[in-house]
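>>> Here is my input; please provide its structure:
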Amino acid sequence: MVRLKDIAQIVGVSVMTVSKALRDEPDVSVTTKARIKQLAADMGYVPDSSAQGLRTKTTKLFGLVIPSTTNPIYARIVFAIEERAHELGYDLLLCHTYNKAEREDAGLRRLLSRRVDGLFITPVYRFEAEARIYQEIIARKIPTVLLGTPAPFCRNFPAIEIEDQVASYHAAKHLIGLGHKKIAYLTGPPAAPWAHERFEGYRRALREANFELDDKLVFAAGNTIEEGTTAALQMLNEGCHPTAIMAVSDLVAIGCADTLLQQGIKIPEDISLVGFGNILTAEHYRVPLTTVSQPKHRLGTAAIEAMMKLIRGEPIQLKRLAAEFVERKSTAPPQHSGENKGSLSGHLAETQVATSA
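Okay, the predicted model is just below:
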């Protein structure tokens, strides 16, 4: 292993001079500094981060806790955080929770044991008002930024949020403006505040249009393609005959769309469909998906900015990030009333018979 002492002997300077040169301190001449840096690179010198951490009482590590990188929503967020962290001289330690509280607890404790300088967390939402691991983070005074809407158990942390309710409201207004009156809704995880906000945006648009909220048009989904498939099958079997569907996320919408298309139901001719998130698949799906585009890269960048202010002890003024409505080919004016035995109703009836046989 190459040491600072080895470089100092070759250059003919003190170990302190080598250390200052590698830290880019101003009291070392440009020529000496360049020579030391070049020699360090040629010799394969790697700084001892543990030793540096003991001196500075920092580790230059951030912990990043998300449900899973298989969820495409997080790809751009992680990219933005890692990119900016790298520029600032920090490395990331990544933990997946898979939306399991026990996995979140274990991952966060592992990160705390590594003495990370800060935490970025997408919480595993739960109904309890308190969660012990979050109390431990507060007690340790670890700078922490939430990626998403806070719940009661994590309300004491700054959060980077998106205008979920406003965005969902505009998506519902789009369908109403096209002439849809029977709009089904596929809901998200029951403990997640962002899912409630998106549902409230849908309800608000219905109220403004003087439409009654019909519980028979609301179906519990979740946040995966499989859960979207299950919710769509339930909708088909119950024969509620909507002319349009709003899904809490693009993954749920895609699972729903797969089910509809497999049953011969055309999108948007027989039924319109709107997602939320604008993942890459949404644009390139068999029927390009009308959706809400979440500012994923901006969310990651805003999270890093908030973190650095926390570390510097500066005040944070957070505001929700606006989302953009994106209209594609999965929505159109209704061609069937939903009250009459049109094409969609026929498909629904046939599907009900087939799945109950």
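>>> Identify the residue nearest V252 in space, chain neighbours excluded?
Spatial nearest neighbour of V252, excluding adjacent residues (C-beta to C-beta, 6 or more residues apart in numbering): G228 at 3.7 Å. Backbone N, C-alpha and C define where each C-beta goes, glycine included.
>>> Contacts for the host helix or strand of that neighbour next, please.
Counting by DSSP states H and E, the element that carries G228 is helix 225-238. For helix 225-238, contacts defined as C-beta atoms under 8 Å, 6 or more residues apart in numbering pick out 184, 186, 216, 219-222, 242, 245, 247, 251-260, 263, 348, 351-352, 355-356.
>>> Can you go through these and name the buried ones?
Buried members of these, scored by 16 or more other C-beta atoms under 10 Å, are 184, 186, 219, 221-222, 242, 245, 247, 251-260, 263, 348, 351.
>>> For the helix holding G228, what is the distance to the chain centroid?
The chain centroid and the centroid of helix 225-238 are separated by 24 Å under C-alpha atoms, centre = their mean, to the nearest Å.
>>> from here on, count from 32
OK, 32 is where the count begins now, so the last one is helix 256-269.
>>> Excluding covalently adjacent residues, which one is nearest to L124?
In space, L124 is closest to G94, 5.1 Å off (C-beta to C-beta, 6+ apart).
>>> How about P78?
L53 is the one closest to P78 (C-beta to C-beta, 6+ apart), at 7.2 Å.
>>> same deal with Y233?
For Y233, ignoring the flanking residues on the chain, the nearest one in space by C-beta to C-beta, 6+ apart is A203 at 4.8 Å.
>>> cool, T255 as well?
Spatial nearest neighbour of T255, excluding adjacent residues (C-beta to C-beta, 6+ apart): L282 at 5.5 Å.
>>> my guess is L177 is in a helix, correct?
No. Going by DSSP: H, G, I helix; E, B strand; the rest coil, the assignment for L177 is strand, not a helix.
>>> re earlier: shouldn't the residue nearest to T255 be in contact with N102?
Yes. Counting by C-beta atoms under 8 Å, L282 touches N102, with 7.3 Å between them.
>>> Give the residues shared as contacts by the two.
By C-beta under 8 Å, 6+ apart, L282 and N102 have these common neighbours: N254.
>>> coming back round to it: isn't the residue nearest to Y233 up against L237?
Yes. At 6.8 Å, A203 and L237 qualify as touching, with contact defined as C-beta under 8 Å.
>>> how about the strands of the stretch 82-231 of the chain, start to end?
Along the stretch 82-231 of the chain, counting by DSSP state E, counting those that start in this stretch, strands occupy 92-97, 122-127, 149-152, 175-178, 190-191, 214-218.
>>> Now tabulate the ones you listed in CSV and tack on mean pLDDT.
Formatted as CSV, the strands of the stretch 82-231 of the chain follow (pLDDT from 0 to 100):
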stretch, mean pLDDT
strand 92-97, 97
strand 122-127, 96
strand 149-152, 98
strand 175-178, 97
strand 190-191, 96
strand 214-218, 98
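>>> Redo these as CSV? Include distance to E300.
Formatted as CSV, these follow (distance: least, C-beta to C-beta, whole Å):
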stretch, distance to E300
strand 92-97, 38
strand 122-127, 40
strand 149-152, 43
strand 175-178, 38
strand 190-191, 39
strand 214-218, 17
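>>> so which of the ones you listed gets nearest M32?
strand 122-127 (19.9 Å; C-beta to C-beta).
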